[in-house]
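>>> A predicted structure for the sequence below; I have some questions about it.
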Amino acid sequence: MSLQIEFLDENPLSTLVPVHTLRPDEVCIFVDKSRQHLKNHRFMEESLKAWKNQLKITDKFLDITSLEDIERSIEEIVHKHLNDKIYMDITGGPELMTAAGLKIAFKYDKVIPVYLNPKSNCLIDIQKKEKNVPCVPISLDDYALAIGAERIHTIDDDISNEKKTSICSMSEILMKDYVKWNILSNYIGGHYLPDVDYVDIPNTVTVGNKNFRVAEMLNAFIRFHYLETPAHFRYRFASEEARHWIEKAGTWLEMYIYFKAKETFGNAYTSVEFDWNSADNKTSPDNEIDVITMKKSHPIFISCKMCRLRKEFVYEISAVAKRFGNSNAIPIIATTYKLTNSQQDLEIENRLKSMKVGLIYAPDFYESGKTASEIFNTAINSVAE
């Protein structure tokens, strides 16, 4: 039998990776008692149970400001398992937990102190530094459970190649002129008549003193079976799904990046919502992320922007990644907007570098000749530098 002692903090990977790697029979999770009312420890338990149903999990709530309380609680657990192999993982938790954990580990020969080194992707035996254990990669499903993420809109895993090609082809048409597409989408949203289930759209839409010819875009929607035209200049949605995608302009880029991420990394989620307030005491105006995927044990958070970039976009994706993955997470912005040499864009480029946020110019997937893997890895490596 083996026991693993874990100190839970805001980064779920500091618990998930060591537990998946060492595969104990029982896990004791120490939690700050002031956070007992929050759900993050329950999210963690759900994830670990889904991974290994027979795993025994015990929660211990304690005063993390009291070294004596932490030491006493750890020692009680150790005494109950002196005949078992005991791992003391000091990766997560505040400094006092680390200090208490190391003190107990060096007091009892049975206790093996370990630490996750994210750079080498290994668990380090602190007493025997040469003994490093390669980490087991975490699946996206296990990670999503641990952070309490829910998919708002799901895509069938068995989606046909024909439908996937249709979505990607339509997305590329819209990305080539995303300004015109935003104008058309806004026009449809403002003129659609649900009672009669149609919208009248001219071949040219006027905004201010500018005219935008949208006839070719409308014909593409008809060709790929997203719109139907029962009469001249009159259109209706071919399905409720098509209505959702057309009324929300950015959905096409999200879907496109989702397919590319799934193709590259094997699994991805799109339209993911976080329950910030039930997971911690922090609040955020943005509780949704467009695409999440995983590379080994590194979650990749992708924000999709079918518009000109703004500084707040960089802050938003950086905050989400840091909150749910700390240094293990990789934030990326995927956009249809190509940065220029303007002062505004240079400031955004500097902000991306300073906050370690990767950038993907989405049209590169069909214009650059590079593979999806090459494009993603370029963005990932720019964060790691």
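Looks like it came in fine. Numbers count the residues shown, from 1 in each chain.
>>> what about residue 39, how many neighbours?
Residue 39 has 15 neighbouring residues, counting by other C-beta atoms under 10 Å. All C-beta atoms are positioned from the backbone trio N, CA, C, and that covers glycine.
>>> ok, residue 361 - contacts?
335, 336, 338 (C-beta atoms under 8 Å, 6 or more residues apart in numbering).
>>> let's see the pLDDT reported for the nearest residue in space to the last one that is not next to it in sequence.
What that stands for is residue 338. Nearest residue to residue 338 in three dimensions, chain neighbours excluded: residue 361, at 5.7 Å (C-beta to C-beta, 6 or more residues apart in numbering). Per-residue pLDDT puts residue 361 at 97.
>>> ok, residues contacting stretch 362-373?
Outside stretch 362-373, the residues that reach it (C-beta under 8 Å, 6+ apart) are 172, 175-176, 253, 256-257, 260, 263-264, 304, 334-336, 338, 375.
>>> list only buried entries from these.
172, 175, 253, 256, 257, 260, 264, 304, 334, 335, 336, 375 (16 or more other C-beta atoms under 10 Å).
>>> okay, and which of those residues map to strands?
Judged by DSSP state E, strands contain the following of the buried ones among the contacts of stretch 362-373: 304, 334, 335.
>>> give me the low-pLDDT residue ranges for the stretch 151-300 of the chain?
The model of the stretch 151-300 of the chain has pLDDT under 70 over residues 153-154, 156-157, 275-286.
>>> contact partners for the residue lying closest to residue 1 once chain neighbours are set aside?
Leaving out its chain neighbours, the residue that sits closest to residue 1 by C-beta to C-beta, 6+ apart is residue 84, at 4.4 Å. Counting by C-beta under 8 Å, 6+ apart, residue 84 makes contact with 1, 2, 3, 25, 110.
>>> taking those residues, tell me the two that lie furthest apart.
25 and 110 (14.9 Å; C-beta to C-beta).
>>> which parts of the stretch 151-300 of the chain are strands?
Listed in chain order, the strands of the stretch 151-300 of the chain (DSSP state E, counting those that start in this stretch) span 199-200, 204-207, 210-213, 227-231, 234-237, 268-274, 288-295, 298-305.
>>> how near is residue 49 to residue 42?
10 Å (C-beta to C-beta, to the nearest Å).
>>> quickly list what's touching both of those two.
Where contact means C-beta under 8 Å, 6+ apart, no residue is in contact with each of residue 49 and residue 42.
>>> can I get the ones in strands among the buried ones among the contacts of stretch 362-373 in CSV with pLDDT?
Formatted as CSV, those follow (pLDDT from 0 to 100):
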residue, pLDDT
304, 97
334, 98
335, 97
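>>> as JSON lines, the residues you listed with distance to residue 88 would be great.
Converted to JSON lines, these look like this (distance: C-beta to C-beta, whole Å):
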{"residue": "304", "distance to residue 88": "42"}
{"residue": "334", "distance to residue 88": "41"}
{"residue": "335", "distance to residue 88": "45"}
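>>> tell me the one of those nearest residue 245?
Using C-beta to C-beta, these come closest to residue 245 at residue 304, 13.3 Å.
>>> quick check: closest non-adjacent residue to residue 175.
Spatially, and ignoring its direct neighbours in sequence, residue 175 is nearest to residue 336 (4.7 Å; C-beta to C-beta, 6+ apart).
>>> what's near enough to touch residue 183?
Applying C-beta under 8 Å, 6+ apart, the residues near residue 183 are 205, 207, 212, 214.
>>> check residue 186 too.
Contacts of residue 186 (C-beta under 8 Å, 6+ apart): residue 249.
>>> noted, bye for now.
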